[in-house]
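Undergrad: Give me the fold of what follows.
(one chain, ligands or ions: 3)
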Amino acid sequence: MTDLWQDAMDHAVSAARGAGQVVREALLEDRMVMVKSSSVDLVTQTDQKVEQLIIQSVKEKFPTHRFIGEESVAAGEPCVLSDEPTWIIDPIDGTTNFVHRFPFVAVSIGFSVNKQVEFGVVYSCLEDKMFTARRGRGSFCNGDPLQVSDQKAIKQSIIATEFGSDRDPEVVDKIFSSLRNILCIPVHGIRSAGTAAINMCLVASGCVEAYYEIGMHVWDLAAASLIVSEAGGVLMDVEGGPFDLMSRRVIAANNRTIAERISGEIQAYAPARDDAAAPGADP
Ligand SMILES: O=P(O)(O)O[C@H]1[C@H](O)[C@@H](O)[C@H](O)[C@@H](O)[C@@H]1O
Ligand SMILES: [Mg+2]
Ligand SMILES: [Mg+2]
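TA: Residues are numbered from 1 along each chain as shown. Ligands and ions are numbered 1, 2, ... in the order given. Sure, this is the predicted structure:
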């Protein structure tokens with residue numbers, strides 16, 4: 001059976017590879033760092049350039065498609081997930097890593113139709129690993145199939161998380177309280193790659209059992225969420241409900257038991273949703 005979106009997915013893979021080349025070259029040069037929502041929410045000209053390169057190339061081939069791009073939203077574009085074919089782009093996931101040359105940086109391209117992710121592409125550019133997933137057809141890294149870990153015991157698990165860019169002391173207290181609870185289960189270890197997309201690809205690869213975070217955005221999650229679920233993993237809200245792409249909260253785990261155990265240990269809070277300012281969105 002022909003795949004309606006195969007052409008788009010092929011384009012996403014080639015755009016991500018091209019973007020990765022730009023990112024690698026930029027790492028050899030001086031990087032001018034700017035800030036967005038706070039002094040620790042960083043952006044560079046490379047983030048902006050890569051996003052524009054991807055969007056332009058998609059517009060030429062798929063002129064009716066829509067976009068949610070991290071840097072376009074930062075520049076004032078609306079963040080709307082409609083039923084239309086929508087490219088959800090994080091040009092550099094791990095900008096802080098990129099700025100510091102910490103070697104985990106990804107280009108993330110998700111594609112949704114009817115608010116459902118149809119394919120996801122995460123290119124870990126410094127490792128040269130191309131993670132891909134097509135809904136119903138599995139997840140792959142450089143063409144090899146991915147499978148989540150079969151570990152059932154959280155006490156024998158590694159859990160990934162991030163600290164984000166919110167430095168409100170009340171939020172930081174909640175982050176540390178959750179981290180303390182999970183560490184003291186006890187688990188084998190806690191890890192942070194510095195990029196949500198790569199953390200989730202590590203879950204899909206079976207290297208870590210779960211990843212959780214509050215505060216990242218739809219562009220961090222869209223592509224990798226499908227890579228996790230197509231590798232056999234589960235996605236859940238941090239309070240145990242269904243995963244919501246726009247809620248800025250996620251647990252991605254190898255199985256439901258581990259996801260639920262993590263959810264029981266998290267001190268949850270609710271940042272403003274990605275679609276909070278969208279027309280018709282709940283206040
Ligand atoms: O590097 P970014 O694209 O800004 O994504 C970051 C995100 O902003 C931050 O909240 C998460 O903790 C990181 O894991 C993301 O990858
Ligand atoms: Mg990101
Ligand atoms: Mg980014």
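Undergrad: Touching, Leu183 and Ile190? I think so.
TA: Yes. In terms of Cβ atoms under 8 Å, Leu183 counts as a neighbour of Ile190; the distance is 5.9 Å. No exception for glycine: its C-beta is placed from N, CA and C like everyone else's.
Undergrad: Report how many residues lie close to Thr96.
TA: The local packing of Thr96 (other Cβ atoms under 10 Å) involves 16 other residues.
Undergrad: For it, which non-adjacent residue is closest in space?
TA: Leu42 (5.6 Å; Cβ to Cβ, 6 or more residues apart in numbering).
Undergrad: From ligand 1, how far off is the one you found?
TA: 7 Å (Cβ to the nearest ligand atom, to the nearest Å).
Undergrad: Just list the residues touching that residue, thanks.
TA: 33-36, 95-96, 99 (Cβ atoms under 8 Å, 6 or more residues apart in numbering).
Undergrad: same check, this time on Lys174
TA: Per Cβ under 8 Å, 6+ apart, neighbours of Lys174: 267-269.
Undergrad: Next: Ser38.
TA: By Cβ under 8 Å, 6+ apart, the contact list for Ser38 reads 165-167.
Undergrad: ok, Arg101 - how many residues close by?
TA: With other Cβ under 10 Å as criterion, Arg101 counts 11.
Undergrad: Same question for Gln267.
TA: For Gln267, using other Cβ under 10 Å, the count is 16.
Undergrad: For it, give its distance to Leu226.
TA: Distance, Gln267 to Leu226, using Cβ to Cβ, to the nearest Å: 28 Å.
Undergrad: can I have the host helix or strand of Ile182 written out in CSV, keeping just the CAs?
TA: For Ile182, the host element (DSSP states H and E) is helix 169-183. Extracted in CSV, the C-alpha atoms of helix 169-183 (Å, rounded to 0.1, in the frame of the first residue of the first chain):
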residue,chain,number,x,y,z
PRO,A,169,12.8,28.9,43.2
GLU,A,170,9.3,27.3,43.7
VAL,A,171,9.6,25.4,40.4
VAL,A,172,13.2,24.5,41.1
ASP,A,173,12.1,23.1,44.6
LYS,A,174,9.5,20.9,42.8
ILE,A,175,12.1,19.7,40.3
PHE,A,176,14.5,18.7,43.1
SER,A,177,11.7,17.1,45.2
SER,A,178,10.7,14.9,42.2
LEU,A,179,14.3,14.1,41.5
ARG,A,180,14.9,13.2,45.2
ASN,A,181,11.9,10.9,45.3
ILE,A,182,12.9,9.1,42.1
LEU,A,183,16.6,8.8,43.0
